[in-house]
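>>> fold the following, please.
(one chain, ligands or ions: 1)
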Amino acid sequence: MDENWDCIVVGGGAAGLSAALVLGRARRRTLVIDAGRQSNAVAHGIGGLLGHDGRPPAELYELGRGELAAYPTVEVRDGEVVAGEADDGRFTLQLADGRTETAKRVLLAGGMDYRRPDVAGAEERWGRSVFHCPFCHGWEVRERALGVLDPGPMGAMRALMLTMWSDDVTLYTDGPAALEPADAHRLHAAGIPVVEHAVTGLRGPGDDLEAIDLADGTSRPLGGLLLPVTLHQRSPLAAQLGAEAAPPSPIAADALVLDAQSMTSVPGLFAAGDLGASMPSVANAIAAGSNAAAGVVHSLIADRHPLPAD
Ligand SMILES: Cc1cc2nc3c(=O)[nH]c(=O)nc-3n(C[C@H](O)[C@H](O)[C@H](O)COP(=O)(O)OP(=O)(O)OC[C@H]3O[C@@H](n4cnc5c(N)ncnc54)[C@H](O)[C@@H]3O)c2cc1C
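Model (predicted):
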């Protein structure tokens, strides 16, 4: 079916569902298309979200979809947008199932890929005892032996940060450390050892961690490990639609440039959540989705009631 929606929201995670709620309450014809692979889906719970602290992520998305069901102008569809085109204020999106949908506005909320160092034993513990964000998962591993595996220039800062959650923190550099003297001094003053041996793997029962194995044949106790991540766009969709990406930052390789209304460099194309890469969190994604939806509604009002020419 070819329909002209007020807005198509690409992605039904925290940002997309939050945006759809605002759009539905504003009575805008809204289609949410969601591939159902939210970045935190594997996590034990959402740490630090007021009202839902510790709730399993899938439950939050289910609740969000449930709330949207009350709004007759909103349709949430499982599926994937595989290509898109912007043509003078009209957007055409191709879906994986072969359908085409058109809209006056598109709101990109597809999240980002979190790329992390490849360590044996990390995958099955990701979002649990192995994590990138201590604000999200530090509480669950508090007071254990904690590690940071980071050969980069931010490793020292990350290790110092973990001292909020434990007095027993080690920085693993997976090879010779290239620390600035000031960082080496800070680590020493904080009692954080630096282990330079290559890391060969992680061990522990189930999701838990017990030890980190090193190339010299030794291992050390470990109850939680922070891995650094960089966020990358999941698909070329934003680029196909013409949206400009920001230069790489310590958080994201290619976040989208957004204005105060969450509009990208393409008129009528909005974005929210991790794609805008402020500090990535569910709370920020919800706020960003809400802001972007308000931006969409304001821009639709301007279509209907243009400002008089000077
Ligand atoms: C392992 C892990 C654990 C985390 N834990 C926490 C935590 O405890 N607390 C916290 O606050 N934050 C946490 N975060 C960060 C948080 O999950 C993200 O900041 C937040 O989910 C971003 O929301 P989003 O809506 O932008 O993207 P996502 O939640 O990733 O949702 C995007 C959705 O869009 C879909 N999608 C993508 N492309 C398309 C397409 N082309 N067509 C259709 N659908 C598409 C995806 O499949 C997905 O369902 C964690 C992140 C990770 C990686």
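>>> tell me the buried residues in the strand ranked longest in the chain?
In the chain, with assignment by DSSP state E, the single longest strand is strand 100-108. Going by neighbour count (16 or more other Cβ atoms under 10 Å), the buried part of strand 100-108 is 101-108. C-beta: built from backbone N, CA, C; applies to glycine.
>>> and these as CSV, adding pLDDT?
Shown next, in CSV, are the buried residues of strand 100-108 (pLDDT from 0 to 100):
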residue, pLDDT
E101, 97
T102, 97
A103, 98
K104, 97
R105, 98
V106, 98
L107, 98
L108, 98
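>>> by contact count, what packs against the longest strand of the chain?
Contacts defined by 3 or more Cβ pairs under 8 Å, 6 or more residues apart in numbering; DSSP states H and E place strand 100-108 against strand 4-10, strand 30-34, strand 90-95, strand 269-271, helix 282-304.
>>> same thing but at 6 Å, please
Contacts defined by 3 or more Cβ pairs under 6 Å, 6 or more residues apart in numbering; DSSP states H and E place strand 100-108 against strand 4-10, strand 90-95, strand 269-271, helix 282-304.
>>> between the ones you listed, which one is closest to the ligand.
Among the helices and strands packed on strand 100-108, the nearest to the ligand by Cβ to the nearest ligand atom is helix 282-304 (3.5 Å).
>>> list the buried residues for the closest one?
Buried-residue list, helix 282-304, by 16+ other Cβ under 10 Å: 282, 284-297, 299-300.
>>> ok, and what's touching that helix?
The contact list for helix 282-304, computed with Cβ atoms under 6 Å, 6 or more residues apart in numbering, reads 7, 14-15, 18-19, 22-23, 26, 46, 49, 105, 107, 261-263, 270, 272-273, 276, 278.
>>> near the ligand at all, that helix?
Yes. Helix 282-304 is in contact with the ligand by Cβ under 6 Å from any ligand atom, via 282-283, 285.
>>> output those in a markdown table, with distance to Q240 appended to each entry.
Formatted as a markdown table, the residues of helix 282-304 next to the ligand follow (distance: Cβ to Cβ, whole Å):
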| residue | distance to Q240 |
| --- | --- |
| V282 | 27 |
| A283 | 30 |
| A285 | 23 |
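>>> just the contacts of helix 282-304: which are in strands?
When the contacts of helix 282-304 are checked against strands (DSSP E), the matches are 7, 105, 107, 270.
>>> now, which of these lie close to the ligand?
By Cβ under 6 Å from any ligand atom, no member of the ones in strands among the contacts of helix 282-304 lies near the ligand.
>>> which helix or strand contains E59?
Using DSSP states H and E, E59 sits in helix 57-68.
>>> buried sites along that helix?
For helix 57-68, using 16+ other Cβ under 10 Å, the buried residues are 57, 60-61, 64-65, 68.
>>> do stretch 232-247 as well
Buried-residue list, stretch 232-247, by 16+ other Cβ under 10 Å: 233-235, 237-238, 241, 243, 245.
>>> list the contacts of it.
84, 86, 108, 110, 113, 115, 253-257, 264-266, 269.
>>> just these: which are in strands?
Short answer: those in strands (DSSP E) are 84, 86, 108, 113, 115, 269.
>>> in the sheet, who's paired with the third one?
Bridge pairing for L108 (DSSP bridges) gives the partners V10, A271.
>>> point out where the stretch 101-250 of the chain drops to low pLDDT.
Applying pLDDT under 70 to the stretch 101-250 of the chain flags no residue at all.
>>> hmm, 90 instead?
Applying pLDDT under 90 to the stretch 101-250 of the chain picks out residues 250.
>>> got the contact list for the residue in it that the ligand sits nearest to?
Closest to the ligand within the stretch 101-250 of the chain is G111: 2.4 Å, counting by Cβ to the nearest ligand atom. G111 makes contacts with 13, 39, 274, as judged by Cβ under 6 Å, 6+ apart.
>>> where's the last one relative to V32, distance?
For D274, the distance to V32 equals 17 Å [Cβ to Cβ, to the nearest Å].
>>> which one's more surrounded, the two?
Legend: neighbour count by other Cβ atoms under 10 Å for D274 and V32, higher for D274 (31 against 27).
>>> near the ligand, which residues of the stretch 151-300 of the chain?
So far as Cβ under 6 Å from any ligand atom goes, the stretch 151-300 of the chain lies against the ligand at 234-235, 237, 273-274, 280-283, 285.
>>> quick check: H137 vs V257, distance?
Counting by Cβ to Cβ, the gap from H137 to V257 is 30 Å.
>>> can you give me the strands for the stretch 51-200 of the chain?
For the stretch 51-200 of the chain, strands defined by DSSP state E, counting those that start in this stretch occupy the ranges 74-78, 81-87, 90-95, 100-108, 112-115, 130-131, 146-149, 169-172, 194-195, 199-203.
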